[in-house]
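A.B. asks: I'll drop the sequence and a predicted model, then ask my questions.
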Amino acid sequence: MRKRTSPTIVEQAIFMVPEFKNVVFKMEQQVALRGQSKSTLNNYIRRIALFVLHFGKLPEHIVEDELNEFLVSLARDPKSPSRSSFKHMVYGLRYYFRLLGMNKNAIALPSLKEESKLPVILNAKELKELFGTPSLLKHRIILALIYSAGLRGQEVINLKISDIDFERMTIHIRQSKYKKDRIVPLAKTMARGLVKYLKAENPHIWLFNGKIPHERFSVKGLSWIMRESLKKTTIHKKVNLHSLRHTYATHLLEQGINIVTLKQLLGHADITTTMIYLHIAQCDPVKAHSPLDRLYEKKG
């Protein structure tokens, strides 16, 4: 017999306010039309569902004072030091009001200042310690692969065995963020590790299968591997799974790769996103000079 699962937050909200079902349908339609990711949709829907459960009403039926009081309580929540609950709720409500054509309500929401914190990265010694920590080969391969190719968590779990080309030494990342494909180099060391992993684990279709046969691994599972591995190391930096991608980008810049190529490898839509790594990378300074001097410079 199957165990009865408890209703999700969205299901609870629909039960409390049946009209919320139509809202979910509209949001799903818009996200599909705009080509946005399902994770973005699910996050927005979940936030609005929490709002509905709190008030027992849809957002458009809440007066401004009540709304502000609710948002203030989220912003001051001691359980969320980064104010993530507050920020995601504002994003969700802004999307919701714009969807209904209530632009004035969307504009009236608090503005969110972008944090200017630089990403925290790992050095070579810390990476080697981290990659050598997991007892399972699969876990070691996952962590090393994320760093070696600068992958996002979602990109890792979406990889199929057929996306790894051992002859051309490439990894094909399909329909990632911004619905774009890209191809990144497969490191020689990584290729040897993957061959060993494939022989040992014999995965089916997906490069990394989950607990249920024929299903892929989860992003939560990836984060768990990173957290548990960090606990067994001497690393005290505040890093997470995505820090491996930041480290990849920074190390490539330090090794001489140009910013435009790095943008393509990371799959960024805007080069300004990539340029943040220029503030972290420890590149050898080049003395100010005129290119004319180099033009006529005698070579060896």
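C.D. replies: Structure received. Numbers count the residues shown, from 1 in each chain.

A.B. asks: Pull the contacting residues for Arg94.
C.D. replies: Ala106, Leu109 (Cβ atoms under 8 Å, 6 or more residues apart in numbering). The C-beta positions use only the backbone N, C-alpha and C, and glycine is treated the same way.

A.B. asks: Domain ranges for the chain, per the record?
C.D. replies: 9-108, 124-279 (automatic domain parsing).

A.B. asks: Adding distance to Glu297 and mean pLDDT, write the ones you listed out as CSV.
C.D. replies: Below are those laid out as CSV (distance: least, Cβ to Cβ, whole Å; pLDDT from 0 to 100):
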stretch, distance to Glu297, mean pLDDT
domain 9-108, 50, 84
domain 124-279, 20, 93
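
A.B. asks: could those domains go into a markdown table alongside distance to Ala288?
C.D. replies: Formatted as a markdown table, the domains of the chain follow (distance: least, Cβ to Cβ, whole Å):
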| stretch | distance to Ala288 |
| --- | --- |
| domain 9-108 | 40 |
| domain 124-279 | 17 |
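
A.B. asks: how close does Glu201 sit to Glu129?
C.D. replies: As judged by Cβ to Cβ, to the nearest Å, Glu201 and Glu129 stand 24 Å apart.

A.B. asks: One more: Lys232?
C.D. replies: Lys232 is 9 Å from Glu129, by Cβ to Cβ.

A.B. asks: Look at these two and report which has more neighbours.
C.D. replies: Legend: neighbour count by other Cβ atoms under 10 Å for Lys232 and Glu129, higher for Glu129 (17 against 13).

A.B. asks: Would you mind confirming that the more buried one is in contact with His236?
C.D. replies: No: if you go by Cβ atoms under 8 Å, Glu129 and His236 don't touch, sitting 11.9 Å apart.

A.B. asks: Among the domains of the chain, which comes closest to Leu118?
C.D. replies: Taking Cβ to Cβ, domain 124-279 is the member of these nearest to Leu118, at 5.7 Å.

A.B. asks: end to end, how far does that closest one reach?
C.D. replies: Terminal residues of domain 124-279 lie 19 Å apart, using Cα to Cα, to the nearest Å.

A.B. asks: from the chain's centre, how far out does it sit?
C.D. replies: For domain 124-279, the separation from the chain centroid amounts to 12 Å (computed by Cα atoms, centre = their mean, to the nearest Å).

A.B. asks: in what helix or strand does Lys104 lie?
C.D. replies: helix 103-108 (DSSP states H and E).

A.B. asks: Tell me the helices and strands packed up against that helix.
C.D. replies: Counting contacts by 3 or more Cβ pairs under 8 Å, 6 or more residues apart in numbering; DSSP states H and E, helix 103-108 is packed against helix 84-99.

A.B. asks: Flag every buried residue along the helix it packs on.
C.D. replies: For helix 84-99, burial by neighbour count (16 or more other Cβ atoms under 10 Å) applies to 85-97, 99.

A.B. asks: Many thanks, have a good one.
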